[in-house]
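[1] need a structure here:
(chains A and B)
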Amino acid sequence: MLSLSPSRLIAVLAAGSVTFLSAQGAAQNPSKPFTTARGEWPSYTGDTRGSRYSPLDQISAANFSTLEVAWRFKTDSLGPRPEFKLESTPLMVGGTLYTTAGTGRAVVALDAATGALKWTHKEEEGPRGAAAPRQLSGRGLAYWTDGRDERILYVTPGYRLLALDAKTGNPVSSFGTNGAVDLKADIDQEILPDITTGEIGFQGAPVVGRDVVVIGAAFREGTAPKSKTNNKGYIRGFDVRTGKRLWTFHTIPRKGEPGYDTWQNGSAEYTGNTGVWSQVTIDEELGLVYLPVESPTGDYYGGHRPGNDLYGESLVCLDLKTGAKKWHYQLVHHPIWDFDIPAAPILADITVDGRAIKAVAQPTKQGLLYVFDRVTGKPVWPIEEKPVEKGEVPGEWYSPTQPMPTKPAAYAKNGTSLDDLIDFTPDLHAQAVQVASRYKLGPIFTPPVVSKAEGPLGTLARGPTNGGSNWPGGAFDPETHTFYVASSNAAPVVLGLVQPSKERSDMDWIAGSAAPAGRGGGLGGGGLSVQGLSIFKPPYGTITAINLDKGDITWQVPHGETPDAVRNNEALKGLSIPRTGQAGFTVGTLVTKTLVIAGDPQVTTLTTRPRGAMLRAYDKKTGSEVGSVLLPAPISASPLTYSVGGKQYVVVAVSGGPYSGEFIALRLPTAGPQ
Amino acid sequence: MLAAVLAVSVGASRAHERPATRTVWDSVFSIAQAARGESAYAKGCARCHGAALTGGDQSPPLAGSAFLGNWNGQSLIDLHQRIKTTMPSDSIGIYDAKFVTDVIAFMLKANGFPAGDADLPSDDATLKDIAIRTSRPTPPQ
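    Sure thing, here's the model as predicted:
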């Protein structure tokens, strides 16, 4: 089990990757900093900084392709039925792997070397669990220790925070009430319509820093909400020892608080959502929290909330102990594109023009990286307010400008134009133009339109909802100051609005299509594809490396095998198509001493190998692929790596299509005669 | 080219007991059925998977290469059971078999597979006998 001797702390400090715990700080904060320096993975992103970095180097370019299965853990029986969307990145501390899994979101502890089950904990939440807006297994857990106690923090589908004894899985009775805190209570608002069915939950991983556990808030998919009124996604910090609420941050300001007037006509009173469904990041050294806040109620229509709508789609920095706001930056004014902020902010200590900057870098669906001084909130490179198109949806309010980073350059496609349409052959181009002609095209921030049967059916956009990069987020290499991120270019969505019936919604406009249903053709006779091909040019998905000292892209490669629908396409016979990469919003990057590791989000079937999806390794300096292994299903979460008993492991979650969730642990072949 | 060598395949794909004798290229649904399925989709699926099958924040796309890649080589019964037993994800099991079959007809149409004269039936044996293939099988020599 975990060694808790002072020598361990010294070893952590000596390893050099943690330079921040002053002797005094250590005395005040007996909980150890979260670090991967000793081969563990104690927080969702390795540390609490969003890094997804490990200094381990046993698995390298020379041997990655020889990885073998160390163990596998199927999650089917952890809930009432199998799950097909396993998104967790487990934790690994002291030889034990902790994760959520299964349709009922159980917590399991496994032996990290063998995969053998140590304990499981499962909450039966009845109707409250069944009504949860965020079902299924969730994305993970938080770990905490003060050197004696070891706890696992866990948010149930029904939105309760549990503290479990990491050794046994039993609730820690001194925490909250019998080990649990009801997150639907004590939240500065009454959760409506009632505590059982009231819409609010969280499937992200909690995060702990300096004995404070910070919890996000999430809701149902919001493109076509039932009402302009919803619960508010306030963010709270709790004492990790007692479960006592320490602070609540009003992501929608209350009357009298700054920002309230950015919600005109009193719309802050009834508008909801505006939570953090993604990952919170903590700077343990500075004692600061970074919140990536999502869209307010109505993903594509904001006429019921005129104004800029703070802190919707803002990066917000709070004091960890008090929850007091330090600074904020709104990435999108008056959000109507469902950009949210989908991923963990990444803390990056960089040197720009000779000046050391403690920065925070925010990857986004819009494929833009926003980089700030994380102490002051000032952009590291200028962010300019650029005029954007004003739309014509009746009742909508439009921001005349939007912030656009001058650096780094966009790492994913975030608009649509005729030039973006496939031109493999003149015929395919003509068909793609035909499909696109039913939509409004335009650059980033082209607003949604009223859907019309005669066209446009909507604004054809890339970035909103599930484009660019999403919840798996990026990774940061503290040695080379390089940021890595996977992103999609071929995940188009249609921003079309229709007037709902009064029974359907009290919103004036919700997402929908005026395409006459019942023609059977659907959406221009084949969705947004022609002959099984995306109408957009490859690459469909990429991994990008950005040097954050310079703000420059150092490399970008297509990520993912060319999909079956492209490789075997009759319309492409005789053409040689370079690897296209794959679109998908489950690709997370892991960076190690020498490699960037990421999985394919789609299954492919090649004549040279069985059906499956590849886990790939790239040389982190150049982006050239140096190895790969075949897994049986889409890789559906960010991988993690750790070392136990002198061996390095890489663990990934796979699931999707007909394949139910499974963790697969890989390691190098055991030496000796076979 | 890359130096990557495939050293290990962990877990073979799901083995099929008997290969299906038809594929989705064999005009296995009717236009009228796809039209019914489109209405059913609008009612039952669009709120999460998008009116244009492009997916949402939580829900994967139901048209295009990711969807096709996931299901390539499986049979329609696999897809039918998957929808019937796990969708809609917040109120599982509310759709009857025919509703799901009609939606599948619409999904096939939207993914570019050809329509024929007859409806796709909902019985297990028929669905099991139709394989999903992203590309048209080459005719036997």
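
[2] Pick out the residue in chain B sitting closest to chain A.
    residue B:70 (2.9 Å; Cβ to the nearest Cβ). The way it works is simple: take the backbone N, C-alpha and C, and place the C-beta from them, glycine included.

[3] pLDDT wise, what is the residue most central in space within chain A at?
    Centroid check for chain A by Cα atoms, centre = their mean gives residue A:471 as the closest residue, at 1.1 Å. On pLDDT, residue A:471 comes in at 96.

[4] So it, which state does it fall into?
    coil (DSSP: H, G, I helix; E, B strand; the rest coil).

[5] Let me see the contact set for it.
    By Cβ atoms under 8 Å, 6 or more residues apart in numbering or on different chains, residue A:471 lies in contact with A:87, A:139, A:204, A:277-279, A:342-343, A:585.

[6] can you redo these as TSV with secondary structure?
    Formatted as TSV, the entries for the contacts of residue A:471 read as follows, by three-state DSSP:
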residue	secondary structure
A:87	coil
A:139	coil
A:204	coil
A:277	coil
A:278	coil
A:279	coil
A:342	coil
A:343	coil
A:585	coil
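
[7] Where does pLDDT dip in chain B?
    B:1-17, B:139-141 (pLDDT under 70).

[8] what about the helices in it?
    B:31-44, B:46-49, B:65-71, B:76-86, B:97-110, B:124-128 (DSSP state H).

[9] Equivalent analysis for the stretch 201-350 of chain A, please.
    Here the stretch 201-350 of chain A has no helices by DSSP state H, counting those that start in this stretch.

[10] Please list the residues of it that sit near chain B.
    Selection of the stretch 201-350 of chain A residues close to chain B by Cβ under 8 Å from any Cβ of the partner chain yields A:220-224, A:277, A:338, A:340.

[11] now, the most widely separated pair of these?
    A:224 and A:277 (17.3 Å; Cβ to Cβ).

[12] wait, is residue A:433 part of a strand?
    No: under three-state DSSP, residue A:433 falls outside any strand and is assigned helix.

[13] Which residues are in contact with it?
    By Cβ under 8 Å, 6+ apart, residue A:433 lies in contact with A:418, A:421.

[14] Tell me how far it lies from residue A:419.
    In this view, residue A:433 and residue A:419 are 11 Å apart by Cβ to Cβ, to the nearest Å.

[15] I'd guessed residue A:145 sits against residue A:163; true?
    No: counting by Cβ atoms under 8 Å, residue A:145 stays clear of residue A:163, with 11.9 Å between them.

[16] which neighbours do the two share?
    Listed as contacting both residue A:145 and residue A:163 by Cβ under 8 Å, 6+ apart are residue A:151.

[17] higher neighbour count, those two?
    residue A:163 (27 against 19; other Cβ atoms under 10 Å in any protein chain shown).

[18] is any part of stretch A:565-585 close to chain B?
    Yes: legend: contact between stretch A:565-585 and chain B by Cβ under 8 Å from any Cβ is shown at A:565-566, A:568-570, A:582-584.

[19] Select from these the one having the most neighbours.
    That'd be residue A:584 among these, by other Cβ under 10 Å, with 33 neighbours.

[20] Excluding chain neighbours, what is closest to residue A:391?
    Closest residue to residue A:391 apart from its sequence neighbours, by Cβ to Cβ, 6 or more residues apart in numbering or on different chains: residue A:447 at 3.2 Å.

[21] From chain B, how far out is that neighbour?
    18 Å (Cβ to the nearest Cβ, to the nearest Å).

[22] Helix, strand, or coil at that residue?
    coil.

[23] Now do the same contact list for it.
    By Cβ under 8 Å, 6+ apart, the contact list for residue A:447 reads A:336, A:388-391, A:393, A:396, A:398, A:459, A:495.

[24] Among the residues you listed, which are located in strands?
    A:459, A:495 (DSSP state E).

[25] buried subset of the contacts of residue A:447?
    A:336, A:388, A:391, A:393, A:396, A:398, A:459, A:495 (16 or more other Cβ atoms under 10 Å in any protein chain shown).

[26] and the residue of chain A nearest chain B?
    Counting by Cβ to the nearest Cβ, chain A gets nearest chain B through residue A:657, at 2.9 Å.

[27] hang on, isn't that residue packed against residue A:633?
    Yes: shown here, residue A:657 and residue A:633 form a contact pair, counting by Cβ under 8 Å, at 6.9 Å.

[28] Who's the closest spatial neighbour of the residue positioned nearest the centre of chain B, skipping the chain neighbours?
    Note on chain B: the residue nearest the mean C-alpha position is residue B:79, at 5.1 Å, using Cα atoms, centre = their mean. Nearest residue to residue B:79 in three dimensions, chain neighbours excluded: residue B:71, at 5.9 Å (Cβ to Cβ, 6+ apart).

[29] burial measure for that neighbour, as a count.
    So residue B:71, with other Cβ under 10 Å, has 24 neighbours.

[30] Lowest-confidence member of the residues of the stretch 201-350 of chain A next to chain B, which is it?
    Minimum pLDDT across these is recorded for residue A:221, with 88.

[31] distance of the nearest residue to residue A:379 once chain neighbours are set aside from residue A:203?
    Leaving out its chain neighbours, the residue that sits closest to residue A:379 by Cβ to Cβ, 6+ apart is residue A:372, at 5.7 Å. Taking Cβ to Cβ as the measure, residue A:372 falls 27 Å from residue A:203.
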